[in-house]
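Participant: requesting a structural model of the entry that follows:
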Amino acid sequence: MVETRMSTNKILRINIHDNVAIALQPLSEGDEYFLDDNTEPLALLNNIPYTHKVAIRPIKKDEKIIKYGSPIGSALYDIKPGEHVHSHNMKSNY
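Facilitator: Modelled structure (predicted):
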């Protein structure tokens with residue numbers, strides 16, 4: 001696969017401590033995005049719907065999902081970078 005640099009404005013990490021980013025538009029499995037100053041792209045493992053979360057680093061089972069710099073839930077199982085994060089693999093704190 002030829003690596004292409006895609007715009008970082010399609011995903012947004014809200015806080016430097018977040019372990020998820022938000023899709024600013026529907027994103028496709030296999031697309032790659034650069035986040036912040038990372039030299040390695042984040043390859044999407046699933047389609048990510050608009051406004052849904054994507055893991056930007058490994059998240060272990062029972063680890064807190066961090067968005068806005070605060071925990072919003074816990075992982076139900078290990079989540080890989082690039083994986084869709086939603087009710088199927090996280091338990092909400094609310």
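Participant: list the contacts of the most centrally placed residue in the chain.
Facilitator: In the chain, the residue lying closest to the centroid (Cα atoms, centre = their mean) is residue 54, at 2.0 Å. Contact analysis of residue 54 by Cβ atoms under 8 Å, 6 or more residues apart in numbering lists 11, 20-23, 27, 42, 44, 48, 82-85. Yep, even glycine has a C-beta here, placed from its N, CA and C like the rest.
Participant: which of the residues you listed are buried, as a ChimeraX select command?
Facilitator: Of those, the buried ones can be selected in ChimeraX as follows, counting by 16 or more other Cβ atoms under 10 Å:
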select :11,20,21,22,23,27,42,44,48,82,83,84,85
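Participant: would you turn the contacts of residue 54 into TSV with pLDDT?
Facilitator: Formatted as TSV, these follow (pLDDT from 0 to 100):
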residue	pLDDT
11	93
20	97
21	96
22	96
23	96
27	96
42	94
44	97
48	97
82	97
83	98
84	98
85	98
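Participant: reformat the contacts of residue 54 as JSON lines; add distance to residue 35 and secondary structure.
Facilitator: What follows is the contacts of residue 54, written out as JSON lines (distance: Cβ to Cβ, whole Å; DSSP: H, G, I helix; E, B strand; the rest coil):
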{"residue": "11", "distance to residue 35": "7", "secondary structure": "strand"}
{"residue": "20", "distance to residue 35": "11", "secondary structure": "strand"}
{"residue": "21", "distance to residue 35": "6", "secondary structure": "strand"}
{"residue": "22", "distance to residue 35": "11", "secondary structure": "strand"}
{"residue": "23", "distance to residue 35": "12", "secondary structure": "strand"}
{"residue": "27", "distance to residue 35": "13", "secondary structure": "strand"}
{"residue": "42", "distance to residue 35": "6", "secondary structure": "strand"}
{"residue": "44", "distance to residue 35": "12", "secondary structure": "coil"}
{"residue": "48", "distance to residue 35": "13", "secondary structure": "strand"}
{"residue": "82", "distance to residue 35": "11", "secondary structure": "coil"}
{"residue": "83", "distance to residue 35": "15", "secondary structure": "coil"}
{"residue": "84", "distance to residue 35": "16", "secondary structure": "strand"}
{"residue": "85", "distance to residue 35": "15", "secondary structure": "strand"}
